[in-house]
Each structure stands twice: as C-alpha cells, then as structure tokens.
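**Q** Requesting a structural model of the entry that follows:
(one chain, ligands or ions: 1)
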Amino acid sequence: MVAKLRDRIKALEPGDNVLVTIPNGPYKCPPAPFEFSFIIDHLLRERGIREKVDVALSSPRPFPFGGPPVKKVFMAAAKEKDILYLPEYVVDELYEKDGKTVVKYKNGEEVAATLVLGPYTQKAPAFLKNSGLTNEKGFVEADLFSLKSKVSDDIFVLGDCAWLMLIKGDGTPLGKPHPKSGTFAAAQAKVVGRQLASPDYEVSNRRCGKCFAEAGKETGITLNVTIFENGKGPPSFVTGPPDNAGYKEKLKWINELMEGFFDDPPKL
Ligand SMILES: Cc1cc2nc3c(=O)[nH]c(=O)nc-3n(C[C@H](O)[C@H](O)[C@H](O)COP(=O)(O)OP(=O)(O)OC[C@H]3O[C@@H](n4cnc5c(N)ncnc54)[C@H](O)[C@@H]3O)c2cc1C
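**A** Below is the predicted model of the structure:
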C-alpha cells in the first residue's frame with residue numbers, strides 16, 4: 001500500500017491536485033494528516049511542479065487536535081506551504097468521476113482530486129469486539145492511569161485499541177479520548193509491564209510524550225504532550241515552528257523504535 005501511494009505521488013503532474021482528509025472520531029496519530037500534506041508539498045517542490053499542483057487538507061473540526069498553540073504552529077506551516085485548509089468539512093462519501101476521486105462533504109460541497117488520502121476512523125481489532133469487550137465507539141474502556149479494563153482487573157488495555165478518557169484539572173472527565181500514537185502506546189506498555197512484574201507497583205501519576213511531525217525541507221515540528229501531571233489534567237501541549245532539530249529527533253525516534261523491535265534494522 002505504501003509503495004502504491006509512493007508511486008501515485010511520484011506520478012503527479014502539473015494540473016493535478018491532492019486532497020488529504022481527516023476523519024471524524026479517533027484516528028491514528030493526530031498530526032499525521034498534516035505531515036502527509038507537508039511531505040507531499042516537499043516532494044512536489046523538489047520536482048519543481050508545486051505551483052502547478054494544488055494541495056488541500058480538510059478537517060471535520062475547526063482544528064483536529066491539541067489546543068490553540070498547536071493550531072497556531074500547524075496553521076502557520078500549512079499557510080507558508082500554500083496548503084489550503086478546509087475546517088469543519090466532514091466527509092460524507094467518496095466516488096470516482098472522470099478519472100478523479102470526488103469527496104462529498106456533509107456541508108454539500110464536493111472536491112474532486114487526482115489523489116485523495118488520509119487516515120480512517122479507527123476501531124479496535126475485530127477479535128476484541130467479538131469478545132464483547134468494546135464500547136459503542138468500538139474501543140475497550142480502561143482506567144486512564146492503571147490501564148486495567150473496566151470489566152476486569154486481569155485485562156490490561158493499551159495503545160490504539162484502548163478507550164481512555166482524558167481528565168480536567170479537578171480529575172473529572174474532559175470528554176475527549178487519549179490521543180492514539182506510538183509514543184503513548186510505548187509509554188503505556190511500560191505502565192502495564194511494571195504492574196505485571198510487580199503487583200505492588202504504584203502506577204505513575206504523570207504521563208507525557210514527544211511527537212515529531214515531519215514538515216519537509218529536513219524540518220520537523222516537535223510536540224511535547226503531557227496527558228496528566230500529579231494525577232491531574234488537563235492535557236497540555238508545548239510546540240514551536242518546524243526546525244531541523246525536530247526532523248533529526250523524528251529520525252532518532254524511528255531508529256530507536258526499530259532497534260527495539262528488530263536485530264540490526266536499516267538506519268534512517
Ligand atoms: C501513517 C502513520 C503515521 C504515524 N506516525 C506516528 C508518529 O510519527 N508518532 C507516533 O507516536 N505515532 C504515529 N502513528 C501512530 C502509531 O503507529 C500507533 O498509534 C501505534 O502503532 C499504536 O500501537 P498499537 O500497538 O496500539 O497498535 P498497532 O501498532 O496497530 O498494533 C496492533 C497489532 O495487532 C495486530 N492484530 C490485530 N488483530 C489481531 C489478531 N486477531 N491476532 C493477532 N494480531 C492482531 C495488528 O496486525 C497489529 O500489528 C502513526 C500511524 C500511522 C498510520
């Protein structure tokens with residue numbers, strides 16, 4: 001699939017256009033659709049055809065993740081790259097017409113593009129649903145701190161299949177789910193592993209992580225995310241404009257993950 005997408009991007013010609021869509025509901029890696037559009041922008045500029053290929057990005061909400069500081073940084077990067085941002089555009093259906101993919105939005109507008117891409121709305125794998133463990137959203141509910149499932153202390157739930165509700169400063173529900181990212185799946189794995197190794201282990205009252213969104217031209221946007229601190233929310237985000245340090249950190253993060261999974265993996 002990745003190879004096919006690479007070929008489709010390489011095949012883009014002057015006059016073509018690209019539309020990146022963001023789905024409703026939780027999806028893998030909140031900044032990823034911005035990253036997709038930034039990387040496509042970069043590849044088109046390398047080929048000298050960017051002015052002749054429009055790139056747009058649609059979101060079902062005014063901005064899909066983080067808070068105002070995050071929005072400011074990502075919107076500035078999108079503007080600088082001349083990427084058209086379509087806020088509050090909820091995808092209704094897709095169909096093919098005259099060699100293009102048409103995205104029909106709930107507001108009645110239609111955008112026809114040579115290449116349409118984006119993440120899907122996500123759900124936990126079918127075996128969890130078939131086991132009766134999922135909620136109406138398709139995820140398995142668990143405690144934000146211990147990651148023990150709501151149905152049994154003997155079932156831990158972590159990563160993208162988990163339904164973990166974020167909390168406010170007073171500990172009450174914020175009404176938003178925990179972001180789904182590899183950074184947090186790895187952090188949660190440690191929380192679960194330590195509890196399994198020692199039943200007396202006191203779970204941490206702090207969860208934070210770093211995400212890096214590649215932004216083209218060997219730059220990346222670094223996002224420092226704190227989900228809770230001293231056992232309290234709300235989540236906070238610290239970020240800044242794209243820079244080379246963010247790009248290098250992203251490569252380092254990928255290399256370290258690969259080294260954890262495989263013997264002698266290729267280095268980025
Ligand atoms: C394009 C893209 C870019 C991303 N970039 C980033 C990034 O830069 N930083 C970041 O932090 N996160 C990123 N993410 C998100 C990150 O990949 C996920 O959040 C992370 O992989 C979640 O880990 P997980 O183990 O919970 O789920 P997964 O990685 O989805 O692993 C679940 C595994 O379970 C397997 N499985 C399912 N059903 C069964 C079954 N019945 N039997 C056996 N196995 C089964 C699946 O095949 C899969 O291998 C990105 C995601 C995407 C799609």
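**Q** buried residues in stretch 127-145?
**A** Burial within stretch 127-145, assessed by neighbour count using 16 or more other Cβ atoms under 10 Å, is assigned to 128-129, 133-134, 138-145. Where C-beta positions appear, they are placed from N, C-alpha and C, glycine not excepted.
**Q** Contacts only, for the residue nearest to residue 87 when sequence neighbours are not counted.
**A** Spatial nearest neighbour of residue 87, excluding adjacent residues (Cβ to Cβ, 6 or more residues apart in numbering): residue 62 at 4.9 Å. By Cβ atoms under 8 Å, 6 or more residues apart in numbering, the contact list for residue 62 reads 71, 87-88.
**Q** any idea how far residue 62 is from the ligand?
**A** 23 Å (Cβ to the nearest ligand atom, to the nearest Å).
**Q** Likewise for residue 16?
**A** 22 Å.
**Q** do the same with residue 194
**A** 17 Å.
**Q** ok, how many other residues are close to the residue of the stretch 101-250 of the chain found nearest the ligand?
**A** The ligand sits closest to residue 159 of the stretch 101-250 of the chain, with a gap of 2.0 Å, by Cβ to the nearest ligand atom. When neighbours are counted by other Cβ atoms under 10 Å, residue 159 registers 16.
**Q** can I assume it is in contact with residue 185?
**A** Yes. Between residue 159 and residue 185 there is a contact at 3.7 Å, judged by Cβ atoms under 8 Å.
**Q** Need the pLDDT of the most far-flung residue of the chain relative to its centre.
**A** The C-alpha centroid of the chain is most remote from residue 200, which lies 33.7 Å away (Cα atoms, centre = their mean). With respect to pLDDT, residue 200 has a value of 90.
**Q** what helix or strand is it on?
**A** Using DSSP states H and E, residue 200 sits in no helix or strand.
**Q** Can you name the residues that contact it?
**A** Shown in contact with residue 200 (Cβ under 8 Å, 6+ apart): no residues.
**Q** Next: the one 4 residues further on.
**A** For residue 204, the residues meeting the contact criterion (Cβ under 8 Å, 6+ apart) are 145, 191.
**Q** Can you tell me the SS state at it?
**A** What DSSP: H, G, I helix; E, B strand; the rest coil gives for residue 204 is coil.
**Q** just residue 69 next, same as before
**A** Following three-state DSSP, residue 69 is assigned to helix.
**Q** In contact with it, which residues?
**A** Counting by Cβ under 8 Å, 6+ apart, residue 69 makes contact with 237-239.
**Q** try residue 268
**A** Residue 268 makes contact with 251, 254-255, according to Cβ under 8 Å, 6+ apart.
**Q** what's the answer for residue 49, then?
**A** Contacts of residue 49 by Cβ under 8 Å, 6+ apart are 12-14.
**Q** closest to residue 4 among the buried residues of stretch 127-145?
**A** residue 138 (26.6 Å; Cβ to Cβ).
**Q** And the pLDDT at the closest one?
**A** Reported pLDDT for residue 138: 93.
**Q** Without its sequence neighbours, what residue ends up closest to it?
**A** residue 123 (3.4 Å).
**Q** Can you read off the pLDDT for the one you found?
**A** With respect to pLDDT, residue 123 scores 89.
**Q** unless I'm mixing things up, it is touching residue 140, no?
**A** No. With contacts counted by Cβ under 8 Å, residue 123 stays clear of residue 140, the gap being 10.5 Å.
**Q** now the stretch of helix or strand residue 225 belongs to, how far from the chain's geometric center?
**A** Using DSSP H and E, the element containing residue 225 is strand 220-228. Strand 220-228 sits 12 Å away from the centroid of its parent chain (Cα atoms, centre = their mean, to the nearest Å).
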